[in-house]
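# Sharing a sequence plus its predicted fold:
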Amino acid sequence: MAAPILSFENLGLSQGSHWLFRHIDIHVGQRDRLALIGRNGAGKTTLLKLIGGQIEADEGIRSVQPGARVVTLEQDPDVSAFKTLHDFALAGAFAPPAHEVEAIADQLGIDLSREAATASGGERRRAAIARALASEPDLLLLDEPTNHLDIAAIDWLESWLARYTGAFIVISHDRAFLTRLTRQTLWLDRGQMRRNEIGFGGFEDWMEAVYAEEARAAEKLDAKLKIEAHWLERGVTARRKRNQGRLAKLWEMRAQRAAMQGPQGTAKIAVASDDSKTKSVIKAEHVTKTFGDRTIINDFSLRVQRGDRIGIVGGNGAGKSTLLKLLTGELAPDSGAVTLAKTLDMIFIDQQRSLMQGDKSVRDVLAEGGDWIDVRGVRKHVHGYLKDFLFDPSLAEAKVGTLSGGERSRLLFAREFARESNLLVLDEPTNDLDLETLDLLQEVIADYDGTVLIVSHDRDFLDRTVTVTLGLDGSGKVDVIVGGYADWIAKRDPRRAPKAEKKEAAAPPPPKPASTKLTYKDQRDLDLLPKKIEELEAAIARDEEALADPALYTRDPKKFAALTAAIERARGEKDAAEERWLELAEKAEGLG
């Protein structure tokens, strides 16, 4: 067996008074294609920097094969010390050849003569990719390589990595990217490192198997540990089960939308009537928009119905942002008309996460310093609401500036989704998110009562969330496709359709054998458990409100203890009720 390119034995790194991780062993073989998976805040980027030698570990021995080139593509390349992107791209540790850098830059569509100080995030990322790939690395360390790239650039990078003869470790939220390229998985979870000789395509089944084994072990522990220490793992598993039902609902919505499809070749989806059930919320009629001599949008028509999930895709400069601004009324067309429903109440979440102020606490952001937050008319305790968005409640007092980029995004989602609205606009929402947060975002979008507009380069995310895709190729023409990204690709070039991913994300699973019917007790539980869950949630909220009294413990310690015990019992009952309902719902769906 060939010696590894790089090894790190007994790796440990402390963070303040505790260890971020410890006793980790990593060995990278010469052709390994490793997905590095873990929640935001788990330390993935830090671990990649340790492997790359940019920071020193507190414990452990790092060994690199003599002469091996280890090259890192950072998530946010620092170009501040350089006049142009060309200067930056040629300044790598391994002095990449200028002709190689320029050839790759040409493929990526980046002008390296651009001044570094004014370059966009996408331009900096492309320059960094050109530098890294031209350095002829033996081991590539890739931290969110698809962030700020358009779909064409992602396709090119995937093709390059598929031909690459070295090894790589990649951190990415892009499921399609990971599934197509990786062969092994490193899972950083609660300070531990697990490795499996499977690519990302098999990760979620492996994760569930690990959590199931932990749940069996947790049965031997006391009730509080089961309730508090495993709430996230149970939540992730339950969320995946719920998402199967939501995907089935998405396929049904696409089928209904396909029935509204206008004549072949027309760039519109029309409806025969405009009654209360199919009322248009946005109507674009023969819209054209030009900038200078270039036509960005040409003769575009569309009716967006209440409840539609519209995805907008295309390369950089194709007109995605222009189309979004036209549909939301921010930009007026040169000809044609866009009509918005008078009752539209819009939430706009952009990729800059500009609403997050670093000096505020999480509690300040969500509840203006209080203990309660109104979530679309329902009052929730801030601790419980934090759990809904995969936060440990102890983070309520943490400053926003101490959160990771993904955690700040999740906090922004939590705040904005609490507001009353009927139009949700998301501009590149998946940047900086971990996989659990992507699942959460898909769930929130699926459960959202209003209409959704999404600009994204994340192909898997679009396949799992949208009912209609608006595809732009830069010519001014807008393809209107019922379905997701894979459906748009299939229409443009059936040979390039990502068949495996499409089958998983956008086609219904095979029906389960209907061998038995639900028993009377099963059906009764399926019908009554939602009400019971609501009652338990109300009881928990009521007791938490009483427990929030700062003087209660000193005034009546027995009542404080009783309320604490009641809350824990109710949470345990609620968790058990949710698990039971999920099992029955899944069974009923298989019999349907």
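Received, thanks. Numbering: from 1, shown residues only.
# Quickly run through the sheet partners of the helix or strand containing residue 295, with directions.
Using DSSP states H and E, residue 295 sits within strand 294-305. Taking DSSP bridges as the criterion, strand 294-305 forms sheet pairs with strand 280-291 (antiparallel).
# just the helices in the stretch 401-550 of the chain please.
For the stretch 401-550 of the chain, applying DSSP state H, counting those that start in this stretch gives helices covering 405-417, 435-447, 459-465, 485-492, 499-506, 520-547.
# about what we covered before: in the strand holding residue 295, which residues are buried?
Of the residues in strand 294-305, 295, 296, 297, 298, 299, 300, 301, 302, 303, 304, 305 count as buried by neighbour count, 16 or more other CB atoms under 10 Å. From N, CA and C alone the C-beta is placed, and that goes for glycine too.
# could those residues be laid out in CSV, adding distance to residue 254 and pLDDT?
Formatted as CSV, these follow (distance: CB to CB, whole Å; pLDDT from 0 to 100):
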residue, distance to residue 254, pLDDT
295, 30, 92
296, 28, 93
297, 24, 94
298, 26, 94
299, 25, 94
300, 21, 94
301, 20, 94
302, 16, 93
303, 16, 92
304, 15, 92
305, 13, 89
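# ok, those residues vs residue 21, which is closest?
Nearest to residue 21 out of the buried residues of strand 294-305 is residue 304 (CB to CB; 46.6 Å).
# Give me the nearest residue to the closest one, chain neighbours excluded.
residue 282 (3.9 Å; CB to CB, 6 or more residues apart in numbering).
# give me the beta-bridge partners of the one you found?
residue 304, residue 340.
# what do you get for the one 5 residues further on?
Taking DSSP bridges, one finds residue 300 as the beta-bridge partners of residue 287.
# Surely it touches residue 329?
No - if you go by CB atoms under 8 Å, residue 287 and residue 329 don't touch, sitting 11.9 Å apart.
# Mind listing the shared neighbours of the two?
Residues touching both residue 287 and residue 329 by CB atoms under 8 Å, 6 or more residues apart in numbering: residue 338.
# if you count what's nearby, which of these two comes out ahead?
residue 287 (23 against 13; other CB atoms under 10 Å).
# Show me the domain layout of the chain.
6-209, 254-345+421-506, 510-592 (automatic domain parsing).
# how about those domains, which one is nearest residue 378?
When the domains of the chain are compared by CB to CB, domain 510-592 sits nearest residue 378, at 9.2 Å.
# export the helices of the stretch 401-550 of the chain to CSV and tack on mean pLDDT, distance to residue 179 and mean neighbour count?
As requested, these are exported to CSV (pLDDT from 0 to 100; distance: least, CB to CB, whole Å; neighbours: other CB atoms under 10 Å):
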stretch, mean pLDDT, distance to residue 179, mean neighbour count
helix 405-417, 83, 20, 21
helix 435-447, 83, 12, 20
helix 459-465, 91, 8, 27
helix 485-492, 87, 13, 21
helix 499-506, 43, 6, 18
helix 520-547, 83, 34, 15
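# and the ones you listed as a markdown table, adding distance to residue 211?
A markdown table is the format used below for these (distance: least, CB to CB, whole Å):
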| stretch | distance to residue 211 |
| --- | --- |
| helix 405-417 | 20 |
| helix 435-447 | 12 |
| helix 459-465 | 21 |
| helix 485-492 | 29 |
| helix 499-506 | 21 |
| helix 520-547 | 21 |
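# of all these, which lies closest to residue 167?
Nearest to residue 167 among those is helix 435-447; the distance by CB to CB comes to 22.3 Å.
# What residues sit buried inside the lengthiest helix in the chain?
Counting residues, the longest helix found in the chain (DSSP state H) is helix 557-591. Buried residues in helix 557-591, defined by neighbour count with 16+ other CB under 10 Å: 560, 563, 566-571, 573-575, 577-578, 580-582, 584-585, 587.
# quick one: that helix to helix 520-547, angle?
Comparing the axes of helix 557-591 and helix 520-547 via axes from the mean of the first three to the mean of the last three CA atoms, to 10 degrees yields an angle of 150 degrees.
# Need the pLDDT of residue 551.
At residue 551, the predicted lDDT confidence score is 74.
# Any regions of this structure where pLDDT drops low?
Scanning the chain with the threshold set as pLDDT under 70 gives 1, 216-247, 259-278, 351-356, 432, 494-516, 550, 586, 589-592.
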